[in-house]
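Colleague: This is a predicted model, with the sequence first.
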Amino acid sequence: MAGVKRKVLLAPLDPVHDIGLKVIKRGLENAGHETILLPPDLTQEEVIKAIIENDVDVVLISRTLGYGVAEILARFIDLAEAAGIRDRVKIGIGGMAIKPEIAAELGFDAGFGPGTTVEEAIAFVEGREYVPINYTKEKEKVDITKGYKYTFKNKAIENLLLKITDGILDYVKDLSSPGVKRAEIREKILDEEDETKKNILRKEYAAYCDELIKAFYEKGSIKSKTRFLTKEEIISLDEYVKRTNENIDIAKLQHVKGNPVVFTQYGTGCPFMDIAHIKVCEGWGADGVVHFDPSWGARAEGFYEGYITHEEDGSVITYENLRKIKDSLLPYTLWQVRAHRGLNTPETVLLAGKLGADLTKINIAYGSLGGGTDPERLTVDAVAAIKYAARFNMPFDVVTNEELCGVPAYKAFAGMLITVMLGIRLGAKPILQPLFCYSPEVMINGRMENNYVDFNAAKIMALREIIDAPIWCGAPIGFLTQTEDRVQSSLSTALHASLASSLGVDAITIASADEAYSGGPISAASRVDTLRAVQSAFRFFGSSSISPTENASKWAKELVEGIEKVLYQVSVSESFVQALYDGVLGSKEDGAYPGRAGRNTTFR
């Protein structure tokens, strides 16, 4: 009975290996029980004699070595019965060589195999049912933005951002675009119940689409290598999700409270495969998933409708595809729908908000310099998208992947902070997302020749000196630090995750071990590789931390100074949009080129 003090004898039936019993002994004593630990390599007769002489209530036997285990344990029970103690003493057996079925067959009261917890052994001693902690039921959805006030610590940068965003809001106030119009019409389609009226709205929608998408609404045709899922496939998918969610038992990824939230991204092209990958990631402890849109979809004017799969990069965005994915998620899984760089940015955020996504992604500088969209078009669309994000209370991150083409971090961060200030002024909750990897910039300037710690740390330190806002490193961490080798890639990701945790960031995005160099589909096994590696790294460091050298502080100061200089250049430019065209936030020499998709499509 629980609460009753017990006398417990612990005895290893091995010549060595009594570590497990020592750990259990400590747990039992902390719970108020009296314990006696026998040394290893006693004979079974000596153990039986000790049980009798000490008049114990419970005996815990350990057997680690596997040779002759059944015969040895069967003989121990025979000796206990012969000594007349079997009926009054509870006897449990545990160890690497033990399975509960074998223990029961041999006559023990309980058997504890590998992975047994101290709490389980205590429950046996106290005669109560062991109820393991169910992390699946305990896990809760995390709000990355919670507790942040979005106050600027650097007033000079704040004032420059206010001036720049004044100019942006004035610039776009009378401008619209096909993307903005489509978002407005799409909402009407979603809210309309009458199918005849829906079809009228679809015709209006098609007028703002390019020929690829317009053909779908006018002729029912669809892009090559793209098809609708069959009814049978959809039924099968629903059954798969139901069965998986009923049986899933998730792993605990974080070890201490300070470990960041972990996201993975998906974009196989097929909703069924996307969901299968999501389930793997959920099972191995991922806290959130990111919907990766296709390259052709980002450059197309308009969205299809229906359950659609295709054979190219990324997953087709339709209301139906997104709804199916959303419905598959476990209650605590954070879901982000990326919308930061394409011609459908406002509509993507609108769909995400309508479907109850937790997060989205919007960035003007990267999207118009490294993602292929015209700066003026994306500026107009991004402001509309941020307003949707605010309306649906949907935080958005602002990625700085310009660094991947060689744009210096201080220029990338200046562009990120402009979008952040727009978000704050429009009532949204922006999230800083600095690149956290071995980027082309540092390949050129040599700041990671000694280690990968200092410059990545400098980025976080610089941003913390500027603003009180959440930081979500990506996307993904460790990118370009990885190689084709899955072990190296997993290790690299885990080390970056540990550094991010040491620096106190709120979230990270990780790739599968084969994602950066996959010559084909990304495997589920490689996703598990990376998640397990991150889990082990969190466990290894716990509440300890990685210490950057003095270079981190020096480079952080340089970053802040560089950001301020760039923002000043933007503030005295003809406009923010012109500054993008002129290369102030990333020049051709840096490897950044203003996008052409959607050029000359804004209108009053």
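Modeller: Looks like it arrived, so ask away. Please read all numbers here as calculations on a predicted model, not as lab measurements.
Colleague: Only C-alpha atoms from now on, for both contacts and neighbour counts.
Modeller: Fine.
Colleague: mind checking pLDDT for Asp194?
Modeller: With respect to pLDDT, Asp194 has a value of 97.
Colleague: So what's the residue count around it?
Modeller: Residues near Asp194, counting by other CA atoms under 10 Å, number 9.
Colleague: try the one 3 residues further on
Modeller: As a burial measure, Lys197 scores 12 neighbours (other CA under 10 Å).
Colleague: What of Lys214?
Modeller: With other CA under 10 Å as criterion, Lys214 counts 23.
Colleague: Equivalent analysis for the one 3 residues further on, please.
Modeller: Taking other CA under 10 Å as the criterion, the count of residues near Tyr217 is 20.
Colleague: got it, and Ala298?
Modeller: If you count neighbours by other CA under 10 Å, Ala298 ends up with 24.
Colleague: what about it, which SS state?
Modeller: With DSSP: H, G, I helix; E, B strand; the rest coil as the basis, Ala298 sits in helix.
Colleague: Next one: the nearest residue to it once chain neighbours are set aside, what pLDDT does it get?
Modeller: In space, and not counting its chain neighbours, Ala298 is closest to Gly342: 4.1 Å by CA to CA, 6 or more residues apart in numbering. On the pLDDT scale, Gly342 is placed at 88.
Colleague: now swap in Ala516 and tell me
Modeller: Model confidence at Ala516, expressed as pLDDT, equals 66.
Colleague: which residue ranges form the strands in the stretch 51-200 of the chain?
Modeller: Ranges of strands within the stretch 51-200 of the chain are 58-62, 90-94, 110-112, based on DSSP state E, counting those that start in this stretch.
Colleague: Could I get those in a markdown table, plus columns for mean neighbour count and mean pLDDT?
Modeller: As requested, these are exported to a markdown table (neighbours: other CA atoms under 10 Å; pLDDT from 0 to 100):
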| stretch | mean neighbour count | mean pLDDT |
| --- | --- | --- |
| strand 58-62 | 23 | 93 |
| strand 90-94 | 24 | 93 |
| strand 110-112 | 22 | 90 |
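Colleague: Rebuild these as JSON lines, extending it with distance to Asp358.
Modeller: Formatted as JSON lines, those follow (distance: least, CA to CA, whole Å):
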{"stretch": "strand 58-62", "distance to Asp358": "49"}
{"stretch": "strand 90-94", "distance to Asp358": "45"}
{"stretch": "strand 110-112", "distance to Asp358": "42"}
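Colleague: Could I get the phi/psi values of the residue nearest to Ala298?
Modeller: Dihedral pair for Gly342: phi -100, psi -180, per degrees, to the nearest 10.
Colleague: check contacts around the nearest residue to Leu350 once chain neighbours are set aside.
Modeller: Leaving aside its sequence neighbours, Leu350 sits nearest to Tyr388 (CA to CA, 6+ apart; 6.1 Å). Applying CA atoms under 8 Å, 6 or more residues apart in numbering, we find Tyr388 in contact with 346, 349-350, 353.
Colleague: helix/strand/coil for the closest residue to Gly306 other than its chain neighbours?
Modeller: Spatial nearest neighbour of Gly306, chain neighbours left out: Glu320 (5.3 Å); criterion: CA to CA, 6+ apart. Under the three-state scheme (three-state DSSP), the conformation of Glu320 reads as helix.
Colleague: Verify the contact between Glu320 and Thr309 for me.
Modeller: No: with contact defined as CA atoms under 8 Å, Glu320 and Thr309 do not form a contacting pair (11.4 Å).
Colleague: Tally up the residues packed near Lys5, please.
Modeller: The local packing of Lys5 (other CA under 10 Å) involves 16 other residues.
Colleague: can you tell me how far it sits from Glu126?
Modeller: Distance, Lys5 to Glu126, using CA to CA, to the nearest Å: 8 Å.
Colleague: One more: Asn247?
Modeller: Counting by CA to CA, the gap from Asn247 to Glu126 is 30 Å.
Colleague: Among those two, which residue is more densely surrounded?
Modeller: More crowded of Asn247 and Glu126, by other CA under 10 Å: Glu126, with 19 against 8.
Colleague: mind listing what Glu101 touches?
Modeller: Neighbouring residues of Glu101 by CA under 8 Å, 6+ apart: Gly111.
Colleague: confidence score at Leu65?
Modeller: According to the prediction, Leu65 has pLDDT 67.
Colleague: Is the most centrally placed residue in the chain in a helix, a strand, or coil?
Modeller: Most central residue of the chain, judged by C-alpha distance to the mean C-alpha position with CA atoms, centre = their mean, is Phe263 at 0.9 Å. Secondary structure for Phe263, judged by three-state DSSP, is strand.
Colleague: Quick one: residues contacting it.
Modeller: For Phe263, the contacting residues are 286-290, 507-510, by CA under 8 Å, 6+ apart.
Colleague: quick one: which of the residues you listed is nearest to Thr145?
Modeller: Among those, Ala507 lies closest to Thr145 (CA to CA), at 10.3 Å.
Colleague: Which of the helices or strands spans Thr35?
Modeller: If you go by DSSP states H and E, Thr35 is part of strand 34-37.
Colleague: ok, that strand: who's next to it in the sheet?
Modeller: Paired neighbours of strand 34-37 in the sheet (DSSP bridges): strand 7-12 (parallel).
Colleague: roughly how far is the helix ranked longest in the chain from the heart of the chain?
Modeller: What stands out as the longest helix in the chain, according to DSSP state H, is helix 550-571. The chain centre lies 29 Å from the centre of helix 550-571; the measure is CA atoms, centre = their mean, to the nearest Å.
Colleague: tell me what it is packed against?
Modeller: In terms of contacts (3 or more CA pairs under 8 Å, 6 or more residues apart in numbering; DSSP states H and E), helix 550-571 is packed against helix 155-172, helix 409-425, helix 454-466.
Colleague: Okay, angle between the shortest one and helix 409-425 too, please.
Modeller: What it means is helix 454-466. Between helix 454-466 and helix 409-425, the angle comes out at 30 degrees (axes from the mean of the first three to the mean of the last three CA atoms, to 10 degrees).
Colleague: Looks like Thr309 contacts Gly269 (just checking).
Modeller: Yes: at 5.7 Å, Thr309 counts as touching Gly269 under the criterion of CA under 8 Å.
Colleague: Give me the pLDDT for the residue lying closest to Leu417 once chain neighbours are set aside.
Modeller: Leaving aside its chain neighbours, Leu417 sits nearest to Leu161 (7.5 Å; criterion: CA to CA, 6+ apart). We have a pLDDT of 98 for Leu161.
Colleague: same check, this time on Asp57
Modeller: At Asp57, pLDDT is 96.
Colleague: show me what contacts it?
Modeller: 6-8, 88-90.
Colleague: which of the residues you listed has the most neighbours?
Modeller: Ranked by neighbour count (other CA under 10 Å), those have Val8 at the top, with 26 neighbours.
Colleague: pretty sure that one is in contact with Thr35, am I right?
Modeller: Yes: counting by CA under 8 Å, Val8 does reach Thr35; the two are 4.8 Å apart.
Colleague: Tell me how many other residues surround Asp109.
Modeller: Residues near Asp109, counting by other CA under 10 Å, number 15.
Colleague: That one contacts Arg88, correct?
Modeller: No: using CA under 8 Å, Asp109 makes no contact with Arg88, being 11.6 Å away.
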